[in-house]
Each structure stands twice: as structure tokens, then as C-alpha cells.
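[1] test case, fold it:
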Amino acid sequence: MEISYPFWGGKRPNYCGHPGYELKCNGDAPELTMMDVSYRVLDINTSSQNVTVARADYWNDYCPDKYINTTLDAALFNYTSTFPNLTLYYDCPSGVRRYPNSFTCSDTNTNISVFYTATGSDAITVTCMDNVTVPIFQSAADDIENGLAGSINLAIAMSLLGEALAGGFGLELVAINNSLCEGCVGSGGQCGYNATSNEFACFCPDMLYPSTCPNNTNTGLCEACVASGGRCDYNWTSNEFTCNCSGIPYAVTCPNNTNTSLCKECVASGGQCGYNGTSNEFACNCSDIPYAITCPNNTNTSLCKACFCRGMLHPSTCPKDAAKVSMYTHLYAPRTSNTSTAAHRFNAPIWR
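    Have a look, this model is predicted:
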């Protein structure tokens, strides 16, 4: 059984599905819980967004701890068609035991008589204390009706009951828009859920989008943006793709679209690739200031790193340590006069 959107649970994170469609693994089958009742998921039809489920508390057991009717969460599910109800009557008079469609449940050393019917036409005229209704397929109801109309024994009657309950019934998923998921998958994305906005989300290779991957081009725009040195982004105001180039958004690619050749030259010279928001052009951020393409001398900024010496600018390298200490000690020595030291503080650049 293939489990996909809108279901999640287990190894599928919650953002892979709708919050109301969590599945939990119980033994050999996934289960969903609705209105405090667990249901075994027998089949999932992803194209029609229908599922077949069966009551977990009636799986190979007809004597549950609690008697709870089948009630749907209308915000999440609806019946795929009109299903007849199988009704089980509990704590009935002992006289019903003469019928083949009756059995006994043991409860704290007490035998409780149970009677079941698929259509209501076989209902007895005695009063039972509890009853539970479970939808079943019409074919299962017909089998029970036809079997009870003939001469059957208890074993056959119980077999018909078990087959009807194990066959389950169909549900339609109503909390999702299947067309949104189809559009997302068609654009190269994967269907999911945005827990922040509580809405459908399309997970694309770069980020999540509200419906489809940008321009429905299987992330072709994103690939072009990355190739130009940018990062794929989304404009939530215009609902359009944008290429984030060092903080500046562009429609498709970063300026010059040079496959980051400028950036490679910048990094090779010891700088970091950036962007000049004033001139709308590439910038190479070096140790001192931004440059147009590469750091000065293209020498891995060795000269640049050496010229700043404890706040003093030198043309090439710093003086020897001994001379440097004696020469510039007065710049950092504390003032001893009563004059406020605030006026004499020296803010030296970081010595690189």
C-alpha cells in the first residue's frame, strides 16, 4: 500500500500531510483515529482520494470494551456512497441465543447475549441494553441477509459477520483539494502542508510554494538562478519567482549571468562575493573594502592583511615587534591627567 499526501505519520513528517490525516502503525496495518475510534486502513486510492477502512475494535473480535457507534468527522471524511449498517445488540435476553445470528460475550464471569442484523429486518422484539452500528458494503449485507434467510448454523453466521466487518467501508477525504496536489506534482514539486499558514504547500527543490513550483517549469528558473550565483526565492506579494542575489531580488538571474565567473575570480583573490546595492553590480568584499572584481594585487590579500598594524597604516608590512611595541605604546597608554579619557580613546581597526 502506497502512503502519500495527505497522510503522514511514522517516518513521514507532519509537513508531508494534512494534520487531520495522521496514520499510526499497529501491527501489520496503518490506522487512523477519528472521534476516539481507531480504523484500520485497508486501501488508499490516491487518484480518487478515497480510502477503505474497517473498525479496529471489531477486527477479529466482536466483544469490545466500549460500545461506540461509527461517527465521522465531517470536516475530514464523508461516505463514498450510502452504506447499510450492521447493528450489534448487546446485553440481550438469553432467549435470543436460539437464533443463529447471536453469540455470547464474556464479561467478568458474566455471559452477555449478543444479536446482530444487517438490515434491521431481522431485528427481534426484545429489549437489549446497548447497540453499535457499523457501516458495511452492500454486498456483505446481502450475504448476511441471504444466509439468515436459509438454514445456517452458528459457525456460518459468525463467518458472515466476520467477513462483513473485515471488509470495511469507503470514505472520501474532504479536507483537501486534489487539484492543488496534482498541479504541484505536475510542476516538479511534492505535496505537503504549511503548519504556519495552515494551508497546502508545494515543496520544490529550493523551498515551499503555495501551489506550484515557479512558472511550472520543473524548477528550471531556480536552476538558472543558482547558475548565475543567486539563491531561489519567492515574492509572496506578486506570487512570482525571484532570484535572490546577495539580498537583492531579481526576476530570473543575477546581473551579468556569468555563471559566477566573477565570484570565482573574487574568491581566488581572497575575497567574498557580494553585491553593490547602489550600482546594482557585483562586488568583491575584501579585507579592507569592496572592490569591483577582485581584491588588490590578486595576491590572496597578503599585502592587505599586512598593512594594518595596531591601527597604523603602512605601505607594505608592519615594523618588527620590538620596534612596534616601543613606537606605538603611547597610543594605548592610559591618560593620567584629570582630563576625561573619553576624549582620548583610540579605536583601532582589527589587526588582521
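
[2] and for the residue nearest to residue 70 when sequence neighbours are not counted, the neighbour number?
    Computed as C-beta to C-beta, 6 or more residues apart in numbering, the closest residue to residue 70 that is not its neighbour in sequence is residue 134, at 5.4 Å. The C-beta positions use only the backbone N, C-alpha and C, and glycine is treated the same way. As a burial measure, residue 134 scores 20 neighbours (other C-beta atoms under 10 Å).

[3] what mean pLDDT does the one helix or strand residue 134 maps to get?
    Remark: residue 134 resides in strand 130-135, with elements defined by DSSP states H and E. Strand 130-135 comes out with an average pLDDT of 94.

[4] format the CA atom coordinates belonging to the helix or strand just after that strand as CSV.
    Downstream of strand 130-135, the next assigned helix or strand under DSSP H and E is helix 138-149. Provided in CSV are the C-alpha atoms of helix 138-149 (Å, rounded to 0.1, in the frame of the first residue of the first chain):
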residue,chain,number,x,y,z
GLN,A,138,-24.0,-3.7,0.3
SER,A,139,-22.6,-7.0,-0.9
ALA,A,140,-21.7,-8.0,2.6
ALA,A,141,-25.2,-7.0,3.9
ASP,A,142,-26.8,-9.1,1.1
ASP,A,143,-24.7,-12.1,2.0
ILE,A,144,-25.9,-11.9,5.7
GLU,A,145,-29.5,-11.4,4.6
ASN,A,146,-29.4,-14.3,2.2
GLY,A,147,-27.6,-16.5,4.7
LEU,A,148,-30.0,-15.8,7.5
ALA,A,149,-33.0,-16.5,5.2
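
[5] got the angle for helix 138-149 vs strand 130-135?
    130 degrees (axes from the mean of the first three to the mean of the last three C-alpha atoms, to 10 degrees).

[6] how about helix 138-149: buried residues?
    Within helix 138-149, the residues that count as buried by 16 or more other C-beta atoms under 10 Å are 140-141, 143-145, 147-148.

[7] cool, stretch 99-119 as well?
    99-103, 105, 112-118.

[8] and if you look at stretch 30-40?
    In stretch 30-40, counting by 16+ other C-beta under 10 Å, buried: 30-32, 34, 37, 39-40.

[9] mind picking the two most distant members of these?
    30 and 37 (15.2 Å; C-beta to C-beta).

[10] where in the chain is pLDDT low?
    119-125, 215-223, 232-241, 257-261, 275-282, 298-352 (pLDDT under 70).

[11] coming back round to it: for residue 201, state which of the buried residues of stretch 30-40 is nearest.
    Using C-beta to C-beta, the buried residues of stretch 30-40 come closest to residue 201 at residue 32, 21.5 Å.

[12] the residue nearest to residue 70 contacts residue 168, correct?
    No. Shown here, residue 134 and residue 168 do not form a contact pair, counting by C-beta atoms under 8 Å, at 9.2 Å.

[13] give me the common contacts of the two.
    Both residue 134 and residue 168 are contacted by residue 55, under the criterion C-beta atoms under 8 Å, 6 or more residues apart in numbering.

[14] partners of the host helix or strand of residue 32 in the sheet?
    Following DSSP H and E, one finds residue 32 within strand 29-34. Strand pairing for strand 29-34, using DSSP bridges, gives strand 24-26 (antiparallel), strand 37-45 (antiparallel).

[15] and the ones you listed: which comes nearest residue 292?
    Closest among the strands paired with strand 29-34, using C-beta to C-beta: strand 37-45, at 58.5 Å.

[16] picking that back up, and the buried residues of helix 138-149 as TSV, adding distance to residue 195?
    Formatted as TSV, the buried residues of helix 138-149 follow (distance: C-beta to C-beta, whole Å):
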residue	distance to residue 195
140	39
141	41
143	45
144	45
145	48
147	50
148	50
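
[17] can you give me the strands for the stretch 1-150 of the chain?
    24-26, 29-34, 37-45, 50-55, 77-79, 85-92, 102-107, 110-117, 130-135 (DSSP state E, counting those that start in this stretch).

[18] all helices of the protein, in order?
    Under the criterion DSSP state H, helices of the chain are mapped to 138-149, 154-167, 178-186, 220-227, 261-268, 302-307, 321-332.

[19] packing partners for the second one?
    If I follow you right, that is helix 154-167. strand 50-55, strand 85-92, helix 138-149 (3 or more C-beta pairs under 8 Å, 6 or more residues apart in numbering; DSSP states H and E).

[20] as CSV, the ones you listed with distance to residue 155 would be great.
    Listed next are the helices and strands packed on helix 154-167 as CSV, based on distance: least, C-beta to C-beta, whole Å:
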stretch, distance to residue 155
strand 50-55, 22
strand 85-92, 18
helix 138-149, 11
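
[21] so which of the ones you listed is nearest residue 176?
    With C-beta to C-beta as the measure, strand 50-55 is the member of these nearest residue 176 (11.9 Å).

[22] list the buried residues in the closest one.
    Within strand 50-55, the residues scored as buried using 16+ other C-beta under 10 Å are 51-55.

[23] JSON lines for those residues, including distance to residue 175?
    Formatted as JSON lines, the buried residues of strand 50-55 follow (distance: C-beta to C-beta, whole Å):
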{"residue": "51", "distance to residue 175": "13"}
{"residue": "52", "distance to residue 175": "18"}
{"residue": "53", "distance to residue 175": "16"}
{"residue": "54", "distance to residue 175": "21"}
{"residue": "55", "distance to residue 175": "21"}
